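Visitor: Build me a structure from this.
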Amino acid sequence: LMNIIETYGAPLKFTYLPQISNNIQRAKNWFAQAMQNLDYKGKYHYCYCTKSSHFKHVLDEALKNQIHIETSSAFDIDIVQALKKEGKITDETFVLCNGFKRELYISNIARLINNGHQNCIPIIDNYEEIDLLSEEIKGKYKVGIRIASE
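Guide: Numbering: from 1, shown residues only. Model (predicted):
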C-alpha cells in the first residue's frame, strides 16, 4: 500500500465492489429475520443513499441487488434520470428525496414526478416544502414526513 500511496498520494480510498453486494444482502437478511420474528406484516425496501458514493461503478454494483434509491440533492436526480435512461431503474423503483430542498432540487423532483415517476417520494422537512413542490408538480403526489426526534 505504501508504494501506491507514494505514487498516487493520500488520502487513498479502496472500494471492494463485491462487499457492497454482501453488505446489502446482509442488511436485507437482518430485516427479513426481524420481520419474521416479530410477525411484522409491512414491507422493507432497501434504499441506497447516493450521497454515500456517486461513483458509477459503485451504483452499478449496488443496483445488482434489486434496491431503491435515496437522494439528497438536485445532482442526485440527474443520476436517477441517467439510471432510468440506462434501464438500471424503472418508474417502479422508489426514489426517496431527502435533504434540504433548494429551488433546483424542488424543480428536479417535480420534473421526475411530472414525467411519470410516481414512486418518487419527497421527504418533507417542513411545511414550506409542500407548498414549493405543489407549485411545480401537476396533480397528486406522494410524500414522506420526517419527524425530528427532539
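
Visitor: starting at the chain centroid, how far to the one helix or strand Asn29 maps to?
Guide: Element membership for Asn29, per DSSP states H and E: helix 17-37. Distance, stretch centre to chain centre, for helix 17-37: 17 Å (C-alpha atoms, centre = their mean, to the nearest Å).

Visitor: Please work out which residues outside that helix touch it.
Guide: With C-beta atoms under 8 Å, 6 or more residues apart in numbering as the test, helix 17-37 has contacts from Tyr40, Gly42, Tyr44, Tyr46, Tyr48, His57, Val58, Glu61, Ala62, Lys64, Asn65, Ile67. To be clear about C-beta, it is placed using only N, CA and C from the backbone, and glycine gets the same treatment.

Visitor: what's near enough to touch the first one?
Guide: Residues near Tyr40 by C-beta under 8 Å, 6+ apart: Ala34.

Visitor: Check whether it sits in a helix, strand or coil.
Guide: At Tyr40 the chain is in coil, as set by DSSP: H, G, I helix; E, B strand; the rest coil.

Visitor: Any figure for the gap between it and Ala34?
Guide: Going from Tyr40 to Ala34 by C-beta to C-beta, to the nearest Å gives 7 Å.

Visitor: List the buried residues for the helix holding Asn29?
Guide: For helix 17-37, burial by neighbour count (16 or more other C-beta atoms under 10 Å) applies to Ile20, Ile24, Lys28.

Visitor: how close does the last one get to Asp125?
Guide: For Lys28, the distance to Asp125 equals 28 Å [C-beta to C-beta].

Visitor: follow-up on the earlier one: toward the C-terminus, what is the element adjacent to the helix holding Asn29?
Guide: strand 47-49.

Visitor: Show me what that following strand pairs with in its sheet, parallel or antiparallel.
Guide: Note on strand 47-49: by DSSP bridges, its sheet partners are strand 68-71 (parallel).

Visitor: any idea where the helices of this structure begin and end?
Guide: Per DSSP state H, the chain carries helices over the ranges 2-8, 17-37, 56-63, 74-85, 103-114, 127-136.
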